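Enquirer: Provided below are the primary sequence and the corresponding predicted coordinates.
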Amino acid sequence: MTGTFNQRVYDVVRAIPAGKVATYGQIAALAGRPRNARFVGFALHANPEPGVIPCHRVVFRDGSLAPGFAFGGPDAQRALLEAEGVRFIPPRPGADNAGDNGWRVDLSQCQWDA
DNA sequence: CAAATGACGAATC
DNA sequence: AGATTCGCCATTT
């Protein structure tokens, strides 16, 4: 425990229950820095403890995931979240695909209720 | 040792 | 209402 904001981010992400997802901004707010969603992303990218920090449960405010996901691809993340019970919204004609294949997490139902 | 970079989100003009 | 700018920390080279 280095006692840094970054370390606190890992703790918050690790606390996300299976079947739920949290947004970068939400984690940043829980960590005490509501305007630091950037560093939350960097913190997870650093991912000093792979397998311990469920980065796949952290998604954008839009419900899409980060471009360049490190678990094996956005498809892998969708499978992981879907396996945990997270509901996904399929790409719909008219909606812009963001980051992903167009698949986004239904934050309305599965956003982590801290 | 110092500088640059890095998965975003909200506030403001 | 939309577009743009700012914010802020740690890690790495």
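Expert: Thanks, I have it.

Enquirer: drop to CA atoms for contacts and neighbour counts, all remaining ones
Expert: Will do.

Enquirer: The lowest-mean-pLDDT helix or strand in chain A: which residues count as buried?
Expert: The least trusted helix or strand in chain A, going by mean pLDDT, DSSP states H and E, turns out to be helix A:74-84, with a mean of 88. Buried residues in helix A:74-84, counted by 16 or more other Cα atoms under 10 Å: A:74, A:77, A:78, A:80, A:81.

Enquirer: residues contacting the second one?
Expert: Neighbouring residues of residue A:77 by Cα atoms under 8 Å, 6 or more residues apart in numbering: A:56, A:71.

Enquirer: follow-up on the earlier one: C-terminal to the least confident helix or strand of chain A, what's the next element?
Expert: strand A:88-89 (DSSP states H and E).

Enquirer: now that following strand, how far from the centre of its chain.
Expert: 14 Å (Cα atoms, centre = their mean, to the nearest Å).

Enquirer: Ok, stretch A:61-76 next?
Expert: The answer for stretch A:61-76 is 8 Å, by Cα atoms, centre = their mean.
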